[in-house]
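# just need the structure, nothing else, for what follows:
(2 chains)
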Amino acid sequence: MTEIDHTHEGHDDAHAPGSEVATKVGYSPVADIPHKPRVTDTDPKAARRAERQVAGMFTLSMIFVIAFVVAYVAIDKNAYVYIPVLGDVGASNVVLGFTFGAAVFLIGAGAIQWAKKLMPDVEVVQQRHDMASDKSDEEAAAANYERGKDESGFARYKIIRRSLLGAMALFPIPIIVVLRDLWITPPGENPAEILSTTPWEDGVMIIPDVGDQTGLSPETSRGIRPEDLPVGGLVSALPVDIGVIQEEEHNLNARGKASIILVRMDPSEIRSQQGEGWDYNGIVAFSKICTHVGCPIALYEQRTHHLLCPCHQSTFDLADSGDVVFGPAARRMPQLPIGVNAEGYLVAKAPFAEPVGPSFWERDRT
Amino acid sequence: MTTTVNTNSLGDAETTPKDDPLEIAGGATAKYVDQRLGSNRFLGRNLGKVFPDHWSFMLGEIALYSFIVVLLTGTYLTLFYKPSMVEVLYDGSYVPLKGVMMSEAYASTLDISFEVRGGLLIRQMHHWSALIFVAAIAVHMFRVFFTGAFRKPREFNWIVGVALTALALGAGFTGYSLPDDLLSGTGLQIIRGILQSIPLVGTWAAFLVFGGEFPGTDIISRLYAAHILLIPGIILALITVHLMMVWTQKHTQFPGPGRTNDNVVGYPLLPVYMAKAGGFFFIVFGIIALIGGLVTVNPIWIFGPYTPDQVSAGTQPDWYIGWLDGALRLMPNIETVLFGFTISWNVLVPSVIIPGILFTGLALYPFLEAWATGDKREHNLLDRPRNAPVRTGIGVMAIVFYGILWIGGGNDIVATTFNMSINAISWTLRVLLIVAPPLAFIITKRICLGLQRKDRDKLLHGYESGRVLRLPHGEFIEVHQPLNYKELAVIQGKEDIAVLPAPEKADADGVKNKLYPIHNLQHKLSSFFLRDNVQKPSKAEIEAGQAHVAHTSELEAPLHDYEELDQDPVGHGGVLHHPGMAMTNQEQIDQRH
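Residues are numbered from 1 along each chain as shown, chains lettered A, B, ... in the order given. Just a heads-up that it's a prediction; the model follows:
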């Protein structure tokens, strides 16, 4: 014990109260906390064991890095491996993650083991100082401020001061103005009107939504015949020209508001609609875009005719004008009046009577 | 104390620093740099800087380290990710999506996951470390709040912390949206709805943000700029400020032996703290890599590419957005039309007003509390949560409010998991949102006050040892033991602050006090904060109490010895042979006198 003490005098001194080293490093040991020596402090064997543990972890880390590189080269990126609990997982991902993670983790574990077992575990004390500056610093700051004020004449030159303030207030305006063209507005258009129009018009054929229709021409699209839709059935649908519109506009905007659902119920079950005879033999069409914040809705409960939004659980009764029966949505789902064309396909009979999707400030003005 | 030994160089005791080539090189480098930057001035002052130790101080470290991992992994991802909404035909190795049209953003994310070796690992590490980053910030903030670490002189740092929290949410959400998968796109659709609900400017704001109608073709590249440059840049700057303030003001510490408001007790930066903190960085990094390798997060290939007319059931945002989604779900469906203009309270309140109030309240809290308690002193010793019952109550109240919103964000998951009615769950949560927070406040405050009483009791009568003794005249007593030095210091660290005196309506000369209503409010608030606190006994009382306990517990010492002997495996203290056993307690007492 004493022998060990003296092999390391420099360090020991650092903890001796009032010693020269203590003043130099800026802290001193806490006087009134009893300290219990660790095994590694008293037993050289334990200390050597700890030393080997730390070095062992660092060495193991190096081995894991080599394993990582080998795995990176050797494992096929499409290989799968079964691991209990995890199931079938990508072999490359698991092995790379494990080897890299272990390599990095072991560096940390080694360093902490080193600190805990071999570095001093005696708490030391350091004095704090008031955050506020000394009186002299405060006076110096004030004097310098006064000097600056005098020399610049900031207080004297009233016009300069006011015009400077004005200039400083105005100069950020261009930075804000240039943000205006974040949306390059097509001539004569405004957001409220755009939000209030959809591709649906009188006679536009309804086609089933079968995924991406970009470029699909109306001629090749197949419509929906009323007899295709059984009672209780639901179909997600789009206007026939959606493919053309998407190709022209290079975006999915039209799809985002034209999407509808068709539901067929027994005509006697329809309690009310948003317009006289807007159904066709019990087939009703509603917007698919929730009036709350715009999620597409398709969770339909056949027996109650309730339509539930998976995002925020607004529930609409499609047999009763699409009214809200539960949840945060405030407005009913807009209904699309439908009929059949000469060839017997379902078509829209008129555009939506109100804007689809979430509310907006100017909504009731359009 | 001086028996402490440093044994880290036991093996090379014969090498003196002067011979060590490493030491010489290090000294030369230090000199070279110092002559150019004066760095030794800084090093001399700071290498021995003392940091206090407590497990809860690691929470902020986790946040910092996971942010570094986010930066590293994120930089790697930018090398492969393409922030473009141009539609392309997928032709990669993930078979189920072969031949599907999708945005380039989504396709490149698939490529990172399936074509780039180690790409999925880095992507998952990025996502996991982001989740851990936000979680660590939240828990770190709880620690700072409940221990009163935000008090003078650290109010600025609290505000920086609140800003960092908000930015972390922004960083998380913008990043979550970048893969342009069906799940994250639905999130953006909700954002569009929220923007549109803002009165007066909302419609235009939505069009400007999305470059026109939703979804448009601009949003991904705009989010990308925000996600990889704007937000992380500000976060990095604020983290720097955050740490510099901690450095300058020195870390707070819990009360304990030798610890006062004017000192720091702990370990010096070099070597202990550096090894522990540096080692901890690698631990956090390593654990994130392990999780990234072993646990799937955000499998975007399952969700499919985004299209505005599809959605999947059971959609859930990342955990830290859950409370906002829950607020949207629980809000009653109120919408008003005023002079022909529509105000959607059902969207505006939960997604703009409630978060606005929460974050503003959070940022202002240190100033509100200081004003309410009239406390203008510097605080470097932390409060134990029980010693500030009203603050602790407010904090628990906020957490309960948040927690109910968060559960609300998963009300569909709760419904399907437990086979319950979603309507009933939503209504229960709506009621709880109003009722539970005040209840939580009252219960928390009561618990805190109970713990304060217990502390007072311990100071005056020691702690209950659990040993019951029968005295010679038949009375049963429980032996109390004096507190150890550590617990004594911790409990005595409590500060008692007096309630602000009630203001006078007019002074002695009859001059009216114009500020009377304000001062009176302050008086009432201070009373609300402080009046129920249990006063700490005086120093003399504590000393007398502890001495008394020490005395009585010593009287029964022979029995205590016997217990220890009984546990002695060697067995030379058998029950019957112990001298104390043969005596009655009265005899023991007599013998001592």
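# could you use CA atoms for every contact and neighbour count after this?
Fine.
# correct me if wrong: B:Leu120 contacts B:Asp111.
No - contact criterion CA atoms under 8 Å: B:Leu120 and B:Asp111 do not qualify, at 9.0 Å.
# who's more crowded, the two?
Of the pair B:Leu120 and B:Asp111, B:Leu120 is the one with more neighbours under other CA atoms under 10 Å in any protein chain shown, namely 28 against 21.
# secondary structure element holding that one?
Element membership for B:Leu120, per DSSP states H and E: helix B:119-146.
# now do that helix: which elements does it pack against?
Judged by 3 or more CA pairs under 8 Å, 6 or more residues apart in numbering or on different chains; DSSP states H and E, the packing partners of helix B:119-146 are helix A:91-117, helix B:58-78, helix B:104-114, helix B:155-177, helix B:274-294, helix B:389-408.
# may I see the buried residues of it?
Neighbour-count burial for helix B:119-146, counted by 16 or more other CA atoms under 10 Å in any protein chain shown, picks out B:119-138, B:140-146.
# same check, this time on stretch B:368-378
Using 16+ other CA under 10 Å as the test for burial, stretch B:368-378 gives B:Glu369, B:Ala372, B:Thr373, B:Gly374, B:Asp375.
# stretch B:96-112 now?
In stretch B:96-112, counting by 16+ other CA under 10 Å, buried: B:97, B:100-112.
# so how far is it from its chain's centroid?
38 Å (CA atoms, centre = their mean, to the nearest Å).
# strands of chain B, start to end?
B:50-51, B:87-89, B:101-103, B:263-268, B:336-338, B:341-343, B:463-470, B:476-481 (DSSP state E).
# now the stretch 151-300 of chain A
A:206-208, A:234-239, A:260-264, A:283-287, A:299-301 (DSSP state E, counting those that start in this stretch).
# stretch A:261-274 vs chain B: in contact?
No - under the criterion of CA under 8 Å from any CA of the partner chain, stretch A:261-274 makes no contact with chain B; the nearest approach is 10.3 Å.
# what's the span of that stretch, first residue to last?
15 Å (CA to CA, to the nearest Å).
# distance of B:Gly361 relative to B:Gly395?
Applying CA to CA to B:Gly361 and B:Gly395 gives a distance of 11 Å.
# looking at these two, which is more packed in?
A count of neighbours by other CA under 10 Å puts B:Gly395 above the other of B:Gly361 and B:Gly395, at 20 against 12.
# okay, the buried residues of stretch B:96-112 in CSV with distance to B:Gly170 next?
Output for the buried residues of stretch B:96-112, formatted as CSV (distance: CA to CA, whole Å):
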residue, distance to B:Gly170
B:Leu97, 30
B:Val100, 31
B:Met101, 29
B:Met102, 25
B:Ser103, 23
B:Glu104, 23
B:Ala105, 20
B:Tyr106, 21
B:Ala107, 24
B:Ser108, 23
B:Thr109, 20
B:Leu110, 24
B:Asp111, 26
B:Ile112, 23
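# can you narrow the residues you listed to ones near chain A?
Okay, of the buried residues of stretch B:96-112 touching chain A (CA under 8 Å from any CA), that's B:Met101.
# and the buried residues of stretch B:96-112 as TSV, adding pLDDT?
Putting the buried residues of stretch B:96-112 into TSV (pLDDT from 0 to 100) gives the following:
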residue	pLDDT
B:Leu97	94
B:Val100	92
B:Met101	91
B:Met102	94
B:Ser103	95
B:Glu104	97
B:Ala105	97
B:Tyr106	97
B:Ala107	97
B:Ser108	97
B:Thr109	97
B:Leu110	97
B:Asp111	97
B:Ile112	97
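# out of the buried residues of stretch B:96-112, which comes closest to chain A?
Distance to chain A across the buried residues of stretch B:96-112 (CA to the nearest CA) is lowest for B:Met101, with 6.9 Å.
# please name the nearest non-neighbouring residue to the closest one.
Closest residue to B:Met101 apart from its sequence neighbours, by CA to CA, 6 or more residues apart in numbering or on different chains: B:Leu89 at 4.6 Å.
# tell me the contacts of the one you found?
Shown in contact with B:Leu89 (CA atoms under 8 Å, 6 or more residues apart in numbering or on different chains): B:Lys98, B:Gly99, B:Val100, B:Met101, B:Met102.
# one more: B:Ser93?
Here B:Ser93 is in contact with B:Phe114, B:Glu115 (criterion: CA under 8 Å, 6+ apart).
# give me phi/psi at it?
Main-chain torsions, B:Ser93, degrees, to the nearest 10: phi -90, psi 0.
# tell me, what residue is most central in chain A?
A:Cys311 (15.2 Å; CA atoms, centre = their mean).
# where does that residue land in three-state SS?
State at A:Cys311, reduced to three classes by DSSP: H, G, I helix; E, B strand; the rest coil: coil.
# can you list phi and psi of it for me?
According to degrees, to the nearest 10, A:Cys311 has phi -80, psi -50.
# then A:Ala330?
According to degrees, to the nearest 10, A:Ala330 has phi -100, psi -20.
# how deep is residue 295 tucked in, by neighbour count?
Chain wasn't specified; assuming chain A. By other CA under 10 Å, 28 other residues sit near A:Cys295.
# correction: the question concerned chain B.
Per other CA under 10 Å, the neighbour tally for B:Val295 reads 16.
# and for A:Gly256?
Other residues close to A:Gly256 by other CA under 10 Å number 26.
# tell me the contacts of it?
Contacts of A:Gly256 (CA under 8 Å, 6+ apart): A:Ile289, B:Phe214, B:Pro215, B:Thr307, B:Pro308, B:Asp309.
# for B:Gly340, state which of these is nearest.
A:Ile289 (22.9 Å; CA to CA).
# would you confirm that the closest one contacts B:Asp309?
Yes - if you go by CA under 8 Å, A:Ile289 and B:Asp309 touch, sitting 7.4 Å apart.
# identify the contacts common to the two.
Residues touching both A:Ile289 and B:Asp309 by CA under 8 Å, 6+ apart: A:Gly256, A:Ser259, A:Cys295, A:Pro296.
# which ones are touching the closest residue to A:Arg332 other than its chain neighbours?
Computed as CA to CA, 6+ apart, the closest residue to A:Arg332 that is not its neighbour in sequence is A:Asp323, at 4.4 Å. Contacts for A:Asp323 (CA under 8 Å, 6+ apart) come out as A:Phe316, A:Asp317, A:Arg331, A:Arg332, A:Met333.
# local confidence estimate at B:His593?
The model reports B:His593 with a pLDDT of 48.
# same check, this time on B:Gly356
B:Gly356 carries a pLDDT value of 96.
# from B:Ala25, how far out is B:Asp19?
In this view, B:Asp19 and B:Ala25 are 11 Å apart by CA to CA.
# picking that back up, mind putting the contacts of A:Gly256 into a markdown table with distance to A:Lys36 and pLDDT?
Below are these laid out as a markdown table (distance: CA to CA, whole Å; pLDDT from 0 to 100):
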| residue | distance to A:Lys36 | pLDDT |
| --- | --- | --- |
| A:Ile289 | 69 | 96 |
| B:Phe214 | 67 | 93 |
| B:Pro215 | 66 | 94 |
| B:Thr307 | 66 | 92 |
| B:Pro308 | 67 | 91 |
| B:Asp309 | 68 | 90 |
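# what's the most distant pair in those residues?
Spatial extent of the contacts of A:Gly256 (CA to CA) is set by the pair A:Ile289 and B:Pro215 at 13.2 Å.
# so which residues on the stretch 401-550 of chain B come close to chain A?
Contacts of the stretch 401-550 of chain B with chain A, taken as CA under 8 Å from any CA, map to B:Asp412, B:Asn423.
# how about the helix or strand containing A:Val89 and chain B, touching?
Element membership for A:Val89, per DSSP H and E: strand A:87-90. No - using CA under 8 Å from any CA, strand A:87-90 stays clear of chain B, with a minimum separation of 8.5 Å.
# what's next to that strand, contact-wise?
A:Lys77, A:Asn78, A:Ala79, A:Tyr80, A:Val81, A:Tyr82, A:Ile83.
# surely the first one touches A:Val94?
Spelled out, that is A:Lys77. No - using CA under 8 Å as the test, A:Lys77 is too far from A:Val94 to be in contact (10.9 Å).
# tell me the residues of the stretch 101-250 of chain A that contact chain B?
Counting by CA under 8 Å from any CA, the stretch 101-250 of chain A sits next to chain B at A:101-112, A:114-115, A:118-129, A:131, A:180-185, A:191-192, A:194-195, A:212.
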